[in-house]
Structure formats: C-alpha cells, structure tokens
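> Have a look; sequence and predicted model below, questions after that.
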Amino acid sequence: MQAILNVAFPIFGVILAGYLAGRWRILGGEATGALNAFVSYFALPVLFFGTLARTPVQAVLDPALMTGFGLAVIATFAVGMISTRLTSGGGLAAMSLQGIASSWGNVGYMGVPLCLAAFGEAGLPPAMLTVIVTAVVSMVFGVMLIELEVAAGHGPLKTFLRAAFNVARNPLPMSIALGIFVSAIGLPIPTPAEKWLDLLGAAAGPCALFAIGLFLSDKSIKSGLAEAGLATLIKLLLQPLLAILVLPFFVDLNSVAGKVALLMAALPTAANAFVLAKQFDISVEQNTAAVLLSTGFSVITVSALLVWLRIS
C-alpha cells in the first residue's frame, strides 16, 4: 500500500490531471500536440542524452538484460500477431500493428518517470536500455513488416532502409545513440551545459505524464474492443509474466535492473501504436482502444506490481 501512495499515486495522479485538463478544455484544442512536441523533441531527448552521456557505457549496454527483456518483447509481439490472425484473419500490416500494441509498452512517457520515482537516478540506465530494445523490436521490426504489405513491390532492402530511417530520425533513439557515443569517448560536459540538461530534463517526467492524460482525453472507444482487449491482456499480463519467467536466467530480479525491466514489461500500450495505425490508416480503432484500455487497467496492475516488488 505504501508503494501505491508513494510511487503509483503521484504517477497516475499527474496523468489524471492531464486527462481532466483535456476533458475540461482548460488548455485549448492545440495543447495535446504542443505538449507532445515539447516532450518528444526537447524534454525526453535531453533527459536521455544527459543521463547516458554521464553514465559509463557498460552500465547501460548490459547484454544479459538486453537479451532477457528482448525475449519477452519479441514473444508478446509474436503472440499479438497470431491473435489478430486467429480472430479476424487480418493481413500482415494489421497483424504487425496488433503485435506493436501487444508488445510496445509506454517505456518513454510513463516508464522513465516511473523508474525515476521508484529507483531514483539508479533506475535510469536500465530504463534507457529497455527503451532501446523496445524501439528496435516494436518500431524497426514492426514498421518493416507493415511496410512489406503497404509498400509491396518496393523490395525488402528498400523497405528495411525506409523503416530504419524513420527510427533514426526520431529524436528519442537519436538522443540515446548520441548520449552513448559521448559517454564512450569520454567527452566532458561543461558545467553550464550540465545545468541546462538537468533543468530541461527535469521537465520530462511530469510533462510526459500530463501529455498522456491529454492524449487519452481526446480519444474514445467506438469499436475494435475484441482485439484491443486481447492486446491489453497480452501487454499487461502476459509480458510481465514472461519477464518473471525469463529474466532470472539473465539478471537478478532483486536488483535494480531486474525490477526496472519487470516494471517496464508491465506498462500499458504506448501511444505510438495509435500514431502508427493512424499513419498507415490500418486498425486505427483497435489500436486506439488498446491504448485506452491498457492505460486504464494499468492503474491496477502496475500498482499491484509495485506492491509485490516492495517498492516504496
């Protein structure tokens, strides 16, 4: 119960504040896009870069943690794809989007603030690693599979390069790569720049959580509940269960890294699932519903996990 009050309540409380601000139209119609842009292009990239640039590379690129978490993400991606094939007979693009909804947790917007609240600065390096793994599996691989159907005839190499380019130009993976590079070469960061990084990066957590609430306030569930329900079950229950079973072979679950990976596996579907569905105009209703349902039920599941992990 102490974990819910100390960690979960503040996290979901900020999301609720954003949701209410959106429903009551306090910030105006353009607020969601503006705040999302600030978080995506400024606050989170600065937080990621600032943390990684000052963290030894070996503390971030942990092959064991990467493998264990990656297996859980890949498995749930595959189960999500199969679930759509069996329930609706969807094509490769629809299957891939369901795989993304089932495996791509909200590791950036919700996961990083959650790990900061639960573990402090020690939770950031393993959290960054889960962001990398999720981006590679769900974004690169998922988008490539969608493109194979949407851009049929363009060839697999061109499709892969197009998907990789879409990921590379995203400021979050770019800031991660740049932060790791700066750390690897040992480039010192001047004090004024450090203070700027800390000041702007500190805005990432609360603004990202508030932005989730704003996003949810703009959406409604009209259809696609069957597939969205399956994606929610796979994301909130199957992925953390697989993490519990697989991670002990690679990392101690009682360590900060193990607990961070387990928390990240339990997060709800990222809003990116809706963004990609909208971009390709495929399974938009299902992915919108998956984001809404999983985020709503994660209040219970993530809080329960915090209690189980005895995080206070």
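Received the coordinates, thanks. Predicted, not measured: the structure shown is a model, and the values here were computed from it.

> got any ranges where this structure has weak pLDDT?
Across the chain, the stretches falling below the confidence threshold (pLDDT under 70) are 1-7, 150-160, 162-164, 166-168, 221-224, 279, 311-312.

> tell me how far the ends of stretch 250-258 are from each other?
9 Å (Cα to Cα, to the nearest Å).

> quick one: buried residues of it?
Neighbour-count burial for stretch 250-258, with 16 or more other Cβ atoms under 10 Å as criterion, is recorded at F250, V251, V256, A257, G258. C-beta: built from backbone N, CA, C; applies to glycine.

> Please apply the same query to stretch 71-84.
Of all the residues in stretch 71-84, those buried under the rule 16+ other Cβ under 10 Å are L71, A72, V73, I74, A75, T76, F77, V79, G80, M81, S83, T84.

> what's G179 in contact with, if anything?
F48, F49, G50, T51, L52, A53 (Cβ atoms under 8 Å, 6 or more residues apart in numbering).

> Kindly recompute the last result at 10 Å.
For G179, the residues meeting the contact criterion (Cβ atoms under 10 Å, 6 or more residues apart in numbering) are 45-55, 57, 60, 128.

> what's the answer for T232, then?
Taking Cβ under 10 Å, 6+ apart, we find T232 in contact with 101-102, 225, 268-269, 289-298, 301.

> Now the buried members of these.
In terms of neighbour count (16+ other Cβ under 10 Å), the buried residues within the contacts of T232 are 101-102, 268-269, 289-295, 297-298, 301.

> nearest to G111, of the residues you listed?
Distances from G111 to the buried ones among the contacts of T232, taken as Cβ to Cβ, are shortest for P268 (10.0 Å).

> Surely that closest one touches T301?
Yes. Shown here, P268 and T301 form a contact pair, counting by Cβ atoms under 10 Å, at 8.4 Å.

> Spit out the residues that contact the two alike.
Between them, P268 and T301 share the contacting residues T232, K235, L236, S294, judged by Cβ under 10 Å, 6+ apart.

> quick one: which of those sit in helices?
T232, S294 (DSSP state H).

> Columns distance to A94 on top of the shared contacts of P268 and T301, output as a markdown table?
Formatted as a markdown table, the shared contacts of P268 and T301 follow (distance: Cβ to Cβ, whole Å):
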| residue | distance to A94 |
| --- | --- |
| T232 | 17 |
| K235 | 17 |
| L236 | 21 |
| S294 | 18 |
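
> residue boundaries of the helices in the stretch 101-250 of the chain?
Residue ranges of the helices in the stretch 101-250 of the chain, as given by DSSP state H, counting those that start in this stretch, are 112-119, 124-134, 142-150, 156-168, 171-185, 191-201, 204-217, 225-233, 239-246.
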